[in-house]
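Novice: how does the following fold in three dimensions:
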Amino acid sequence: MMVHKIISIFLLLICISADAQQYLSDDGLITFFSQAPLEDISAKNNKVSASYDLQTNKIVFQLQIQDFIFPNPLMQEHFNENYLESDLFPKSTFVGKVIQNKDGKATVEGNLTIHGRTNEIKVEGLLRKEKDKVDISAEFVIELEDYNVDIPRIVMYKIAEEIKLKVNIKLIELK
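Specialist: Predicted coordinates:
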């Protein structure tokens, strides 16, 4: 738990500006789903740290790869050891900016880093502010090859090349 508080403070420092309205979370949820011919794979991580600055529209997410939980422990082991190599690449981050928000429908652009590789992405989703809270949700697809994640031929029918990600984070205003 202490690591997550340190990460939250770090994210706050990245986004800090004078008189800014800062929103933080250290228990956001990111899930992924891989649909392949022989096997569907899903996992969730409910320890996602996030920061959002209402004035600058800067948004930052960070998670530890090992915090993804799978229904099958063997899948989790293979995910960490063979595919995402979480000992070498322990974190995934997103640093970006809300470029449009109309009636809660938002477009965010930024840099997503997974497996040591960074790509610019643009995602449509929801960003709603109510009182001292901001809710963020989005669904988007990434290609494993864009992040240098290799799929051995022997398991190519068990792991899809596209992964569907879902983000659901509730941030609270820092006062």
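
Novice: any idea how far K122 is from T93?
Specialist: 17 Å (C-beta to C-beta, to the nearest Å). For the C-beta atoms, the positions are set from N, CA and C on the backbone; glycine is no exception.

Novice: neighbour count winner among those two?
Specialist: T93 (17 against 11; other C-beta atoms under 10 Å).

Novice: elements contacting whichever helix or strand I99 is part of?
Specialist: Assessed by DSSP states H and E, I99 sits inside strand 91-102. Here strand 91-102 touches strand 58-64, strand 105-114, strand 117-130, going by 3 or more C-beta pairs under 8 Å, 6 or more residues apart in numbering; DSSP states H and E.

Novice: and those strands, which is most packed in?
Specialist: Highest mean neighbour count of those: strand 58-64, a mean of 22 (counted as mean count of other C-beta atoms under 10 Å).

Novice: show the average pLDDT along the next helix or strand after that one.
Specialist: Sequence order places helix 73-78 as the next helix or strand after strand 58-64, per DSSP H and E. Averaged over helix 73-78, pLDDT sits at 90.

Novice: list the buried ones in helix 73-78?
Specialist: M75, H78 (16 or more other C-beta atoms under 10 Å).

Novice: that older thread, dump the helices and strands packed on strand 91-102 to JSON lines, plus distance to S137.
Specialist: Converted to JSON lines, these look like this (distance: least, C-beta to C-beta, whole Å):
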{"stretch": "strand 58-64", "distance to S137": "13"}
{"stretch": "strand 105-114", "distance to S137": "10"}
{"stretch": "strand 117-130", "distance to S137": "5"}
